[in-house]
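S.K.: turn this into a structure:
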Amino acid sequence: MSIEGAKARLAIFASGGGSNARVIMNYFKDHPSIRIALVVYNRKDAGVRAYADEFSVPAVYRSNRAMEDEQSTMQLLDHYRINGIVLAGYLALIPPYLVDHFPDAILNIHPALLPSFGGKGMYGRYVHEAVSRSGHSESGVTIHLVNKEYDRGKILFQQPVPITPFQDPAGIGRAVLIAEHASYSGVIEAYFSGFDFSKQ
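M.R.: Coordinates of the predicted model:
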């Protein structure tokens, strides 16, 4: 999608250490048409706060319960003139009202090749453990739009990552994270600049 007549002002939603968020903020720090305007995190000890400070991006803590409050959440996002959302390790289901307010404007990255190894409870090490148990010879990265179900939105991009069958989950996680860092920012840039992923 493209944001007609305006700079894309994106919010990153994150829960944990924030390594993907840091890569994204660094990628867009001097971008001519896309700005990371806000970080929202739902765990008070989330490491992403420090990365937001590093790039002078406002960071706001919002508990999962607070996120259920449509009026106050939308006031926050409107205050920063947010017109797109990027999930970077955000460990909560996006409330339906946000999907409605930002149709086809919320992106997520998943550490496996969807539709395999997706759904409720499938995040982080749980995904890598499941891939390890499966004996597959590849894992990967999926970047997709967010809808009202876990990991069921339209897939924009996938990058396979070769692994050894029954490889330890930590090793799979390291390999997949490298691919996440290498791919996510470019896909965000292309999507919010109007690239048509359906023609790939």
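
S.K.: which residues touch the residue nearest the centre of the chain?
M.R.: With distances taken as C-alpha atoms, centre = their mean, Leu87 lies nearest the centre of the chain, 2.6 Å away. Contact partners of Leu87, counting by C-beta atoms under 8 Å, 6 or more residues apart in numbering, are 12-14, 94, 106-109, 146. Backbone N, C-alpha and C define where each C-beta goes, glycine included.

S.K.: with secondary structure, neighbour count and pLDDT added, can I get those residues in CSV?
M.R.: Formatted as CSV, the contacts of Leu87 follow (DSSP: H, G, I helix; E, B strand; the rest coil; neighbours: other C-beta atoms under 10 Å; pLDDT from 0 to 100):
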residue, secondary structure, neighbour count, pLDDT
Ile12, strand, 29, 98
Phe13, strand, 26, 98
Ala14, strand, 29, 97
Ile94, coil, 20, 95
Ile106, strand, 22, 98
Leu107, strand, 23, 98
Asn108, strand, 23, 97
Ile109, strand, 23, 97
Val146, coil, 25, 97
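
S.K.: and the residues you listed, which is closest to Asp196?
M.R.: Leu107 (15.2 Å; C-beta to C-beta).

S.K.: count of residues packed around the residue lying closest to the closest one once chain neighbours are set aside?
M.R.: Leaving aside its chain neighbours, Leu107 sits nearest to Val86 (5.2 Å; criterion: C-beta to C-beta, 6 or more residues apart in numbering). Look at Val86: counted by other C-beta atoms under 10 Å, it has 29 neighbours.

S.K.: and Val86, that's in a helix?
M.R.: No - counting by DSSP: H, G, I helix; E, B strand; the rest coil, Val86 is not part of a helix but strand.

S.K.: give me the pLDDT for the residue nearest to the centre of the chain.
M.R.: Looking at Leu87, its pLDDT is 98.

S.K.: repeat for Gly186
M.R.: On the pLDDT scale, Gly186 gets 98.

S.K.: now the contacts of Leu87 as CSV including distance to Glu129?
M.R.: Shown next, in CSV, are these (distance: C-beta to C-beta, whole Å):
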residue, distance to Glu129
Ile12, 26
Phe13, 24
Ala14, 22
Ile94, 24
Ile106, 27
Leu107, 25
Asn108, 20
Ile109, 18
Val146, 24
